[in-house]
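[1] Predicted model follows, preceded by the sequence.
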Amino acid sequence: MGRFTLPILGFLLLCCLLAEATTTPKYKDPTQKLGVRIRDLMNKMTLEEKIGQMVQVERTVATPDVMQKYFIGSVLSGGGSVPAPKASPEAWVNMVNEIQKASLSTRLGIPMIYGIDAVHGHNNVYNATIFPHNVGLGVTRQVYLQIQKVNFDPKLIKKIGEATALEVRATGIPYAFAPCIAVCRDPRWGRCYESYSEDHSIVQAMTEIIPGLQGDLPANSRKGVPFVGGKTKVAACAKHYVGDGGTTKGINENNTVISSNGLFSIHMPAYYNSIIKGVSTVMVSYSSWNGKKMHANRELVTGFLKKQLRFRGFVISDWQGIDRITSPPHSNYSYSVEASVNAGVDMIMVPYNFTEFIDILTSQVKSNIVPISRIDDAVRRILRVKFIMGLFENPLADFSLTNQLGSKEHRELAREAVRKSLVLLKNGKSASQPLLPLPKKATKILVAGTHADNLGNQCTTILNAVKNTVDPTTQVVYSETPEADFVKSNKFDYAIVVVGEPPYAETAGDSLNLTIAEPGPSTMKNVCGAVKCVVVVVSGRPVVIEPYVATVDALVAAWLPGTEGQGVADVLFGDYGFTGKLARTWFKTVDQLPMNVGDKHYDPLFPFGFGLTTKGKY
């Protein structure tokens, strides 16, 4: 060996080391294949960094220190969790970016993913467009029962997905916990309003909202691989896996007692469609199947969803979902962590006690209670979604989409959806004497009821919609709870009575009686006993109305119409016709429940698929 050889070798080695240090890592190189990027990044990650990716925390605890120290993979806004009251989209963008900058300053610079509920529009955000809730959207199709065929125009629901994605992105958020593809089999369930239908085929059809949210899959995409088509789209989340709409007596988060055949034929089909359409994430249900908590059900999460259906996105828990594996919740958190992670849940919505979760899971991996292969599977899936979304290339949001929030185009779309989601259940005391459409020109009309002019009850004011629609010479009198003598003495041409359910969410909505509370029934009696009336029911599900049907002249199911109540008046006054068909069976009494189309004891007040039609001007 010559005397210059060693120095030359040393120099070459130094050059190699310097070259390696200055070369962009493969995981940061968008020209590399997806699998190469994932493997390269995972090879560089410590156990702490991997477990951090599996954690989703609430925005109120997502300080820069927390994001940097614990390598947190995801942040969310819980219900009502906002940067400030009436925060502008710019304020949202700034908040999300500040959290993201902390993530980018970590050793590997892995961006976090920010998620939020946006099931029927961006409902956490001031001035957003709120579309009719899913219970109404399921109505916007025609059903021909005689040949058991669903005739579905996917354009409306897909457009709603596209508009929702734009409004979510307008606030700097790239991930929406939607759609809810529950099949509500019992309207006593407090979340039935989140379900498109009792019939799985309608729910399957409504998964067309996923390409609206995420974008159309590229040609020749592999089944189960998630897809998000750029900065105007969001990662979607099919939820709640699986059977959440089938619990006994509709009790929220409870037990769905059903055979394997029943589960797979009723509650599972919409997941097939979601995965085929490239849904990025799946959220696990609080509920149980035949006594087994879904958050701990390895057979269905890993065995069926991941292996059999070949889902390649990530599985996320519900809010404190793993805590509720035990009763009472959080009573054996170590077991909850082990059971949920080993079942196949990849990202845990903690959302506050993240250090407890991290400490327990780290200890369990080091003790071989949770295998490192399970951690790697979870992280690989999370990173796959982040890479596919383009988060590594475009981690920070800008203000370019802020004008999309509550835009005129989106509000017009929501108004169209309201028109198409209304169901006309009765029209006149006889078919030869219909009451609807109402004449715009009248001497004096009455608008009454608890839900006519109360934003807290129905998110819009139908009273204002009526005033905007009638002829300028028509006198509109509003009385929330008029007495019968008042109605008789005023000689109204006709009355519009708007009644319904009080606002509720989730478990607070569970109801065994499903009645319209007073003063709703009294108002219907006082008004409809004295003048021709149309009753508009605002509700998240069918409610008890049989006692009132004979006394009212016309009856309309308006469900939960969202912000664009003008769509109700559009149809009441005949600018557009009624076209909606029930996506749920309307029962006579709660004693019949559960009762769904196809049941042997099927004896409804209004059957699945029912809906009278009228002709409109447009």
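    Good, I have the coordinates. Numbering: from 1, shown residues only.

[2] What segments of the stretch 401-550 of the chain are strands?
    Ranges of strands in the stretch 401-550 of the chain, per DSSP state E, counting those that start in this stretch, are 423-427, 444-448, 475-479, 494-500, 533-538.

[3] Give me the buried positions along stretch 263-277.
    Buried positions in stretch 263-277, judged by neighbour count with 16 or more other Cβ atoms under 10 Å: 263-264, 266-271, 273-275, 277. No exception for glycine: its C-beta is placed from N, CA and C like everyone else's.

[4] can you give me the mean pLDDT across stretch 593-605?
    Averaged over stretch 593-605, pLDDT sits at 97.

[5] Of the strands of the stretch 401-550 of the chain, which is nearest residue 45?
    strand 533-538 (50.8 Å; Cβ to Cβ).

[6] Give me the distance from that closest one to the chain's centre.
    Relative to its parent chain, strand 533-538 has a centroid offset of 27 Å by Cα atoms, centre = their mean, to the nearest Å.

[7] now the angle from it to strand 423-427?
    Put simply, strand 533-538 runs at 160 degrees to strand 423-427, going by axes from the mean of the first three to the mean of the last three Cα atoms, to 10 degrees.

[8] looking at the protein, which helix or strand is least sure?
    Across the helices and strands of the chain, mean confidence by mean pLDDT, DSSP states H and E is lowest for strand 142-144: a mean of 46.

[9] Distance check, the residue nearest in space to the middle of the chain against residue 176.
    With distances taken as Cα atoms, centre = their mean, the residue of the chain nearest its centroid is residue 119 (2.5 Å). Remark: distance between residue 119 and residue 176 (Cβ to Cβ, to the nearest Å) = 8 Å.

[10] same check, this time on residue 313
    14 Å.

[11] now swap in residue 27 and tell me
    With distances taken as Cβ to Cβ, residue 27 is found 26 Å from residue 176.

[12] Compare neighbour counts for those two and give me the winner.
    Counted by other Cβ atoms under 10 Å, residue 27 and residue 176 do not tie: residue 176 has more neighbours, with 27 against 23.

[13] show me what contacts the more buried one?
    The neighbours of residue 176, taking Cβ atoms under 8 Å, 6 or more residues apart in numbering as the test, are 115-118, 164-165, 168, 213, 234-237.

[14] Excluding residues flanking it in the chain, which one is nearest it?
    Using Cβ to Cβ, 6 or more residues apart in numbering and skipping residues adjacent in sequence, the residue nearest residue 176 is residue 118, 4.2 Å away.

[15] Would you agree the one you found is in contact with residue 175?
    No - proximity of residue 118 to residue 175 does not meet the contact threshold set by Cβ atoms under 8 Å, at 9.4 Å.

[16] Can you check which residues contact both of these two?
    Listed contacts common to residue 118 and residue 175 are residue 234; contacts here mean Cβ under 8 Å, 6+ apart.

[17] Give the single residue among the buried residues of stretch 263-277 positioned nearest to residue 227.
    Using Cβ to Cβ, those come closest to residue 227 at residue 277, 8.4 Å.

[18] these two touch, right, the closest one and residue 213?
    No - taking contacts as Cβ under 8 Å, residue 277 lies outside contact range of residue 213: 9.8 Å.

[19] what's the helix or strand for the residue nearest to residue 130 when sequence neighbours are not counted?
    The shortest distance from residue 130 to any non-neighbouring residue, by Cβ to Cβ, 6+ apart, is to residue 562 (3.8 Å). In this assignment (DSSP states H and E), residue 562 forms part of neither any helix nor any strand.

[20] can you pull the contacts of residue 562?
    Residue 562 touches 120-121, 129-133, 414, 417-418, 459-460, counting by Cβ under 8 Å, 6+ apart.

[21] Please report which of those has the highest neighbour count.
    Highest neighbour count within the contacts of residue 562, by other Cβ under 10 Å: residue 131, with 35 neighbours.

[22] For that one, give me its contacts.
    Residue 131 sits next to 120-121, 137, 160, 163-164, 413-414, 417, 562 when contact means Cβ under 8 Å, 6+ apart.

[23] make it 10 Å
    Residue 131 sits next to 118-123, 137, 156-157, 159-161, 163-164, 410-411, 413-418, 421, 560-564 when contact means Cβ atoms under 10 Å, 6 or more residues apart in numbering.

[24] Helices - which of those land there?
    137, 156-157, 159-161, 163-164, 410-411, 413-418, 421 (DSSP state H).

[25] residue ranges with poor pLDDT in the stretch 151-300 of the chain?
    Applying pLDDT under 70 to the stretch 151-300 of the chain flags the ranges 151-153.

[26] can you rerun that using 90?
    Across the stretch 151-300 of the chain, the ranges flagged by pLDDT under 90 are 151-154, 220, 223.

[27] before we move on, the earlier item: quick check, nearest of the buried residues of stretch 263-277 to residue 429?
    Of all the buried residues of stretch 263-277, residue 429 sits closest to residue 266, with 38.6 Å by Cβ to Cβ.

[28] Skipping adjacent residues, who's closest to residue 548 in space?
    Here the residue nearest residue 548, using Cβ to Cβ, 6+ apart, is residue 524, at 5.2 Å.

[29] these two touch, right, that neighbour and residue 497?
    Yes - if you go by Cβ atoms under 10 Å, residue 524 and residue 497 touch, sitting 5.8 Å apart.

[30] any common contacting residues for those two?
    The contact sets of residue 524 and residue 497 overlap at 448-449, 533, 535, 537, 548, 552 (Cβ under 10 Å, 6+ apart).

[31] Tell me the one among these nearest to residue 330.
    Nearest to residue 330 among those, counting by Cβ to Cβ, is residue 537 at 39.8 Å.

[32] Could you spell out which stretches of the protein belong to which domain?
    47-297+311-404, 422-606 (the TED database).

[33] The shortest one spans what distance, first to last residue?
    So that's domain 422-606. Using Cα to Cα, to the nearest Å, the end-to-end distance of domain 422-606 comes to 14 Å.

[34] and residue 585, what is it in contact with?
    If a contact means Cβ under 10 Å, 6+ apart, then residue 585 has 187, 197-199, 542, 592-599, 602-610 as its contacts.

[35] how much space between it and residue 186?
    Distance of residue 585 to residue 186, given as Cβ to Cβ: 11 Å.

[36] Identify the contacts common to those two.
    Counting by Cβ under 10 Å, 6+ apart, the contacts common to residue 585 and residue 186 are 198, 593-596.

[37] Can you show me the strands along the stretch 251-400 of the chain?
    255-256, 281-284, 288-289, 292-293, 314-316, 348-349.

[38] So for residue 430, what's the pLDDT?
    We have a pLDDT of 85 for residue 430.

[39] What about it, how many residues nearby?
    Residue 430, neighbours per other Cβ under 10 Å, totals 7.
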